[in-house]
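Undergrad: Okay, predicted coordinates and the sequence, questions at the end:
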Amino acid sequence: MKHFHVLAAMLLACTITFAQTDTTKKEATVDTIKVGNFIIIKKDKTNAQDSAYNTGKNVGKGKTNITINIGGGNNSSSNKKKSNISTNWWIFDIGFANYRDQTTYPLAQSGGYLKQIGNSAKVDANTNNLNAGKSSNFNIWFFMQKLNIAQHNLNLKYGLGFEMYNFRYERSLSYRNDPVPYAFSDTIGFTKNKLFVKYLTVPLMVNFNATPEKKKGFSFSAGVSAGYLINSRNKQISAERGKVKTKGDFDLNPWRLAAIGEIGLGPVRLFGSYSFNALHKDVTQMEQYPYSVGVRFSNW
């Protein structure tokens, strides 16, 4: 019986000792505050060897440890997954326009589209020469979208907008629609003489982006576009007639199919376009293939 009491006393002493040891340990209290790109981690510690938030200094028992993380560290917002579809609204292009003239003019003259009115000269290659410095291309894209194909390095790029061309003639080439569309060399001189055409266009390109994490890195796009003619007119200004605008389709091709490209170098983006089909319908025997190059104002 005496041995039983001694054993019980020893067990009781051990229990008290362990209980005292456990109660001296405190769970670390952690407070996290995020301000912009700053993450402030505050922890009350009782053990300097606790390495979860230790700054590397022996802070000692009962100290408060504060860590400031600039840039977000492994915070989920810094590693936010990029969207597979991104949209760019209201893109503008400004560039120069011209065309490659492959017309056989005797054939076009015999076909009736190129006429001689009174004592006017025949329409030939010289009559169709453009003022390259004043012939322009201006485009407005309502939107363009990029669809991720592979790791945001390879994308599909497409959109919708207006392509507008001003072909500024050096000579007195005039367009008329009555009774049927035709062109002729006018007998007066013009201070301004241009053919304006406007297309509703859908571009489709494959885009390669070498630096998808940057908006202004290096990128390259190439593809095709399809446009439908929605407006055309011949605007002329002269001392004899003043300002005259003649509207009509002038037997222009209603569709425009083109090869297109774009290069992004930092903040600068360049574009180019070349028509597969001629500016005029086949019936006119005119073979002029418009092209343009210029600057694109776009976010990507």
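TA: Structure received.
Undergrad: For Ser110, which three-state class applies?
TA: Under the three-state scheme (DSSP: H, G, I helix; E, B strand; the rest coil), Ser110 adopts helix.
Undergrad: what's around it, how many residues?
TA: 11 (other C-beta atoms under 10 Å). Backbone N, C-alpha and C define where each C-beta goes, glycine included.
Undergrad: ok, now how distant is it from Thr104?
TA: Distance, Ser110 to Thr104, using C-beta to C-beta, to the nearest Å: 10 Å.
Undergrad: which SSE is Ile230 in?
TA: Remark: Ile230 resides in strand 218-238, with elements defined by DSSP states H and E.
Undergrad: for Pro106, same thing?
TA: Here Pro106 is assigned to helix 105-111, by DSSP H and E.
Undergrad: Touching the helix or strand just after the strand holding Ile230 from outside, list them.
TA: Downstream of strand 218-238, the first helix or strand assigned by DSSP H and E is strand 242-247. Residues outside strand 242-247 that contact it (C-beta atoms under 8 Å, 6 or more residues apart in numbering) are Ser174, Tyr175, Arg176, Asn177, Ser232, Arg233, Asn234, Lys235, Gln236, Ile237, Ser238.
Undergrad: And the following helix or strand past strand 242-247, what does it pack against?
TA: On the C-terminal side of strand 242-247, the closest following helix or strand by DSSP H and E is strand 255-265. Strand 255-265 sits against strand 192-209, strand 218-238, strand 268-275, with contacts defined as 3 or more C-beta pairs under 8 Å, 6 or more residues apart in numbering; DSSP states H and E.
Undergrad: buried sites along strand 255-265?
TA: Arg256, Ala258, Ile260, Glu262, Gly264 (16 or more other C-beta atoms under 10 Å).
Undergrad: List the neighbouring strands of whatever helix or strand Gly294 lives in plus their orientation.
TA: Using DSSP H and E, Gly294 falls within strand 288-297. Take DSSP bridges as the rule and strand 288-297 pairs in its sheet with strand 85-101 (antiparallel), strand 268-275 (antiparallel).
Undergrad: Kindly provide the distance from Phe250 to Leu265.
TA: On the measure of C-beta to C-beta, Phe250 and Leu265 end up 39 Å apart.
Undergrad: residue contacts, the closest residue to Tyr182 other than its chain neighbours?
TA: Once flanking residues are discounted, Tyr182 sits nearest to Lys115: 4.9 Å by C-beta to C-beta, 6 or more residues apart in numbering. Lys115 sits next to Val123, Tyr182, Ala183, Phe184 when contact means C-beta under 8 Å, 6+ apart.
Undergrad: which residues does Asn166 contact?
TA: Ala97, Lys134, Ser135, Ser136, Asn137, Phe138, Lys194, Leu195, Phe196.
Undergrad: rewinding a little: what's the closest of the helices and strands packed on strand 255-265 to Trp300?
TA: Counting by C-beta to C-beta, Trp300 lies closest to strand 218-238 out of the helices and strands packed on strand 255-265; the figure is 7.2 Å.
Undergrad: The helix or strand where Met164 lies pairs with which strands?
TA: Element membership for Met164, per DSSP H and E: strand 154-168. Applying DSSP bridges, strand 154-168 is found paired with strand 136-150 (antiparallel), strand 192-209 (antiparallel).
Undergrad: Out of those, which one sits most buried?
TA: strand 192-209 (a mean of 19; mean count of other C-beta atoms under 10 Å).
Undergrad: what angle sits between that one and strand 242-247?
TA: Strand 192-209 and strand 242-247 meet at an angle of 50 degrees, taking axes from the mean of the first three to the mean of the last three C-alpha atoms, to 10 degrees as the criterion.
Undergrad: and strand 192-209 with strand 255-265, angle?
TA: Between strand 192-209 and strand 255-265, the angle comes out at 60 degrees (the same axes, to 10 degrees).
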